[in-house]
Each structure stands twice: as C-alpha cells, then as structure tokens.
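**Student:** Sequence and predicted structure, then a few things I'm wondering about:
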Number of protein chains: 2
Amino acid sequence: MKLGTKNNGMRDGQLMVVSRDLNRCIEAGHSIPTLQSALDRWEELSADLSEISKRLNSDTSFGVETKTIEWKAPLPRAYEWIDASSYIHHILLVRKARNAEPPKTLRTDPLIYQGGSGILLGARDDITLADPSWGCDFESEVAVILGDTPQGVKASDAGRHVRLLCLVNDVSLRNLIPAELEKGFGFFQSKPASGFSPFAVTPDELGEAWHDGRIHLPLTTHLNGNLFGDPNAGPEMHFSFFELIAHIAKTRSYTAGTILGSGTVSNEDRNRGSSCLAERRMIEIIDTGKASTEFLKHGDSIRIEMKDAAGKSIFGVIEQNIVPPKI
Amino acid sequence: MKLGTKNNGMRDGQLMVVSRDLNRCIEAGHSIPTLQSALDRWEELSADLSEISKRLNSDTSFGVETKTIEWKAPLPRAYEWIDASSYIHHILLVRKARNAEPPKTLRTDPLIYQGGSGILLGARDDITLADPSWGCDFESEVAVILGDTPQGVKASDAGRHVRLLCLVNDVSLRNLIPAELEKGFGFFQSKPASGFSPFAVTPDELGEAWHDGRIHLPLTTHLNGNLFGDPNAGPEMHFSFFELIAHIAKTRSYTAGTILGSGTVSNEDRNRGSSCLAERRMIEIIDTGKASTEFLKHGDSIRIEMKDAAGKSIFGVIEQNIVPPKI
C-alpha cells in the first residue's frame, strides 16, 4: 500500500491511503489519524490500511483526487532521521572535492550520521536559503521507515523491521561542511531540513525491484528542468539497508518511525549523471581543472522521482524551489 | 512549575504536574495527555498547568505521592536531542585522553552533535551494556527543552524559547569513539540512549540560579554511592544555552520539544571532582602515568542530582544501574 500525509493544519497532518497509481486517496480514519500513530501500532492496524488500499485500487469511484490535496512529508516530524553514505563512488568523489581522505574502513564500516528530524519538509516545500555563499546542494536518496527495531538485530533479520520506503532530498550546505567536520563532531549547521517524497510505500509495492535490502531502480533528478542524473539505486549500494540497520542497532534500539537514508545515490558510469552538485563539480575539476557548475541559488528548482519498470511514479515527485527567507 | 511523565503503559506516558517539593503530583488532565502535547500548545495550555501547580504547592492534601509512581523520561521520545560540549575544561581533558587536538575554534564556535532521540531512558531505567569492552561512561549534564524556535534567532532573543530545564546522563561508549570520529561523520554507535531526570521544570523554579542562559548550581554525581563530583554548572559553561540556541538555529528551525544539552559539566578546580570517568582517568594519567579508574561495569550504579541553595532537589534523582542484556 501507499500512504501520505495531508496538510490539515496540524503538526502531524492527516494520514491518507493512496491508490497505487497515485491518483486517488482517502482518509485512513479517526482511529489512525497520523502516520506515526499507524507505525506505533502497525501489527494491529496495517490490515485495516491494507483493506482501504485494496478498495482504492479496485474501485476507481472511491476516494478523492490526490492533486486536490496539499501533501506534507509522510512524517512531518520524526523521532530519528539517520543518513548513511552507502554509495562508494559518491564518497570517493566528495572526499576528493574537499581534499579529504576516504576513511580506511570505507568498505567494511558504514559511514552514517544522525540528522535533525524535528522539521521535515514536504515534497513541494521551498528550501529557504538565507545565504547562498553556504554552497547549497541537493542529495537525491532513497530511505526506509522502520518499525520498532531492537538493539542487536542482525542484517539477516532486519528486513522485517522495514515498514515503508520513500525518497529524500538531503539538503547540504557544502561550504559549511569542512569547518564543521574539522571540529570532529560531524555535521550540524551544514545539514538543514531534508525534503521527502509525498508518498511512502510498503516494500511489496516495489515487487522484484526491492531485494537484498536495496531498491533496484533508477532515481531520476532534474535541475531547473534538465536531467541531472538517473543512477540506479541498487547494485552500487555497497551496504544494503539490512546491513545499515544492523550497524545502527549495535548499541541501541529504535522506535517506530525512525527514518534511515541510503546516502546520495551514485553510479560509477558517468553516463548516469549525478544525484548532487558536489559530484558533478568534482568531475569538472578532474576533467578541466575547475568546477563550472554553481551551487544552488535562489530561483533554482530540483526535482526527484523514481519510476517503476513500467514508467509509473512510485513515490510521487519531490519538487522544491530554492528561495530567500521571507522578510 | 514542575512536570513529569508517568509510565501508564503508553509510549509517551501521562503528563503529571508535580509539587515544588517533588512529594505530590496530579494528572494534567485529558486535554493535555502528554508533555509533547503541552509543548505543542504551550501558549494555550501553560496557564492551566500553572493553576494546577499552584494548587499542588498550596494544598498539601491535593494529589498523590510521587513515590508511588514509575517515572519515564519527561519526553520518553523526543523529536531532537542535541548535545553541546560547552565546558572548555572537559573538552581539553577528554581530547587529551584520546590524543586528539582541541579544535582551533574552541572558544568561538560551539562543539555540538545530534544525538538519537527516539528512545530516551527514564531516571531509574537500567543502562544495558552488551559489551563492557566498549568503555561505558556517564556524563552528567544540564539541558533545556525548547518551544518552537525559528531559524536565525539571536542569542539575545533565545531565552523566550526555553520552556523547561532538566538533567541528563549522556551515556558514552568511550572505546568506540576514536574509530567512529576517525571516519569524519561524528558519533553514532558510541552514543547509546541517554537518561533523564524524572522532572523537568520551568526556569522560574530556579529563581536567581537561572541567569545568563546558565544554571548556577552544583551538579552532584555519585558512583556506587561515593561522591564523584559536584562542579558548578554555571560560571565555566563557556557558551550559554542562549548562545547554543543561536548556533543551532543558524541554518534551520526547531519544533517544540527539542532537547539541548550543555555537555559534561566540568570545573577547573580539581576539588570539585568530575562528571564523567574519562576526565578522572585523564587526571590519573597526568598524575601517575596511567588510568586506575575503570569504565562502568555490570553492577555499577550512577546517581545524578542538582539541589537548590536550600538543599532541596530540583529535578529529582537520576539513578541508573549498568546491567547486561536480558537473554
């Protein structure tokens, strides 16, 4: 099934069940007001949601049009947002871009950071950039939303804690990163609020494309209407989501609604383009000695989408504009 | 007023208003079921909570005894847990302990990290330590709980976003830190769930002790019943909570219920002892060439409390035992 969160003026919005073709939707009902409430009691409630989903998919007169609704992030605020960096090609290029060595444990120990999760942007929410000199970049990613996940879970057992999949735009302020990482405590100011696809879907909605803890489909990014990249999110994801879950659960447990990102999707094949500006800039430096692509500026727009093998959008579209702060 | 969260079997517990002397308490009522719900609508609801608090403080027959209740963390799960390292003496000692240089911007740019917030431990919750070789340590801290806080807020205007104050035991796995920080993305596995004081209090409950964005009172730590340290949390907090709020709000906004910690409270005066094992171990190394104090082991207990000038406990006691995982 596919789920989304309607903006009803409340902090957590209203949970909606969405048809497979993303055209129609209906309220999940008073007993399941929000996605967090569904995740909190998933074993008890998911069958009810599934029934609604079946009716939406079989009865085209049921529900209202999704395009009439303003969508928030599936979880407009989440208890944890954890982001990995699981594509080796991305790590190598971005470290090169800031003259930093890749970690020695690149292929054995996942890179991961804890991000801010109190305010998550909806798919059409503007990215407010107070100072363009911060070097604003997008990062197109895939993510899983977990159910309750116990400490010590093994990768081989992690799949059953994956409730939903979605897309993320992990906004980064590249020019703030070097000084921040230099202090040794990781990202903070350099990671403002991330944007999320309008819809989160259960793994079965992806069919064969979801296997081995990876989504084996291209993730397409457009910048100002031009194709920027469409790397496949599957084969080059070095650590699968299952391995990432085992990694984060080594020393603590996770509550339902924890979101775990893949990191910027990246392929070695240059013809697939990139999922962030930093990669393209580094390729330009390698080829020509200098970066010609600029970081995001006010007025730019970024569009992220994933389609199934039949060309149908799975999660809906992230389409965000970069704007100055409102005075 | 003073607030706490009763364990009623639900994830977020039941909000209770607590008397100033911490002896009695009463449910905040059906319209304010949880602390998060109070923080979400603070302007609207805090007057109601204040009325209940006044009656509790004036009518000693009102309410039930706090000791009959099992207390969760004030926020058993929070949308963000952000921890600074604001005591310069602590930074210098701990960096020395792991042969790392203090950051060049030590006195001008706060050290801060994003912690996991999906599962926060109650004051009496055990600390489950799967592997004592991880080097488990406590860190006694003070913290603020914020209301909605907009991006760009200045330190001079930050005080009005501070809703509540509390104590934290920021549990750290010292032997996992060097390899994790070496990767460049900050702490992750090395920071398991933190423990919180049973009660969170509005700033006015501290009277003159809360000024300049600092709590000017000693924070007392006992290890296995022996006094370990009682450094003052005020004068040597290099960056005040107001400055820390301005720092974290440079590039994003925060939702109500965000928790911001001070970092390990530490004084230059050795007679005040320490608020974590790492500091004492470093002092032992400086004095004798080797650390004789061990990291926490199963069976150890840690007790953290702050008393007012009259010797009354302000936030109640954090008292946690270190235990092996349940088989």
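**Tutor:** Thanks, I have the structure now. Residues are numbered from 1 along each chain as shown, chains lettered A, B, ... in the order given.
**Student:** rest of the way, CA atoms for contacts and neighbours
**Tutor:** OK.
**Student:** Once you drop chain neighbours, what's closest to A:K297?
**Tutor:** Closest residue to A:K297 apart from its sequence neighbours, by CA to CA, 6 or more residues apart in numbering or on different chains: A:P132 at 6.0 Å.
**Student:** what's that neighbour in contact with, if anything?
**Tutor:** A:295-298 (CA atoms under 8 Å, 6 or more residues apart in numbering or on different chains).
**Student:** And for A:D21, the neighbour number?
**Tutor:** 14 (other CA atoms under 10 Å in any protein chain shown).
**Student:** Pull up the gap between it and chain B, please.
**Tutor:** Noted for A:D21: a distance of 32 Å to chain B, by CA to the nearest CA, to the nearest Å.
**Student:** again, but for A:F138
**Tutor:** Counting by CA to the nearest CA, the separation of A:F138 from chain B is 15 Å.
**Student:** what's in contact with the helix or strand of chain A with the lowest mean pLDDT?
**Tutor:** Taking mean pLDDT, DSSP states H and E as the measure, the helices and strands of chain A show their lowest mean at helix A:88-97, namely a mean of 86. For helix A:88-97, the external contacting residues (CA under 8 Å, 6+ apart) are A:85, A:101-102, A:106-107, A:236-238, A:264-268, A:278-279, A:281-283.
**Student:** if you set the cut-off to 10 Å instead, what comes out?
**Tutor:** By CA atoms under 10 Å, 6 or more residues apart in numbering or on different chains, the residues outside helix A:88-97 that reach it are A:85, A:99-103, A:106-107, A:111, A:174, A:236-239, A:263-269, A:274-283, A:285-286, A:291.
**Student:** Do you have the helices of the stretch 151-300 of chain A handy? List them.
**Tutor:** Here the stretch 151-300 of chain A has its helices, by DSSP state H, counting those that start in this stretch, at A:155-158, A:177-182, A:241-248, A:277-288.
**Student:** okay, those helices in CSV with mean neighbour count, distance to chain B and mean pLDDT next?
**Tutor:** Shown next, in CSV, are the helices of the stretch 151-300 of chain A (neighbours: other CA atoms under 10 Å in any protein chain shown; distance: least, CA to the nearest CA, whole Å; pLDDT from 0 to 100):
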stretch, mean neighbour count, distance to chain B, mean pLDDT
helix A:155-158, 15, 16, 98
helix A:177-182, 17, 6, 92
helix A:241-248, 23, 7, 98
helix A:277-288, 19, 17, 93
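**Student:** and A:C25, which of these is closest to it?
**Tutor:** Among the helices of the stretch 151-300 of chain A, the nearest to A:C25 by CA to CA is helix A:241-248 (28.8 Å).
**Student:** Quick check: the closest residue to A:E268 other than its chain neighbours vs chain B, distance?
**Tutor:** With sequence-adjacent residues excluded and distances taken as CA to CA, 6+ apart, A:E268 is closest to A:H89, at 6.0 Å. Distance of A:H89 to chain B, given as CA to the nearest CA: 16 Å.
**Student:** what about A:H89, distance to A:N267?
**Tutor:** A:H89 sits 6 Å away from A:N267, going by CA to CA, to the nearest Å.
**Student:** So for the two, which residue has more residues nearby?
**Tutor:** Neighbours per residue (other CA under 10 Å) separate A:H89 from A:N267, with A:N267 holding more: 24 against 19.
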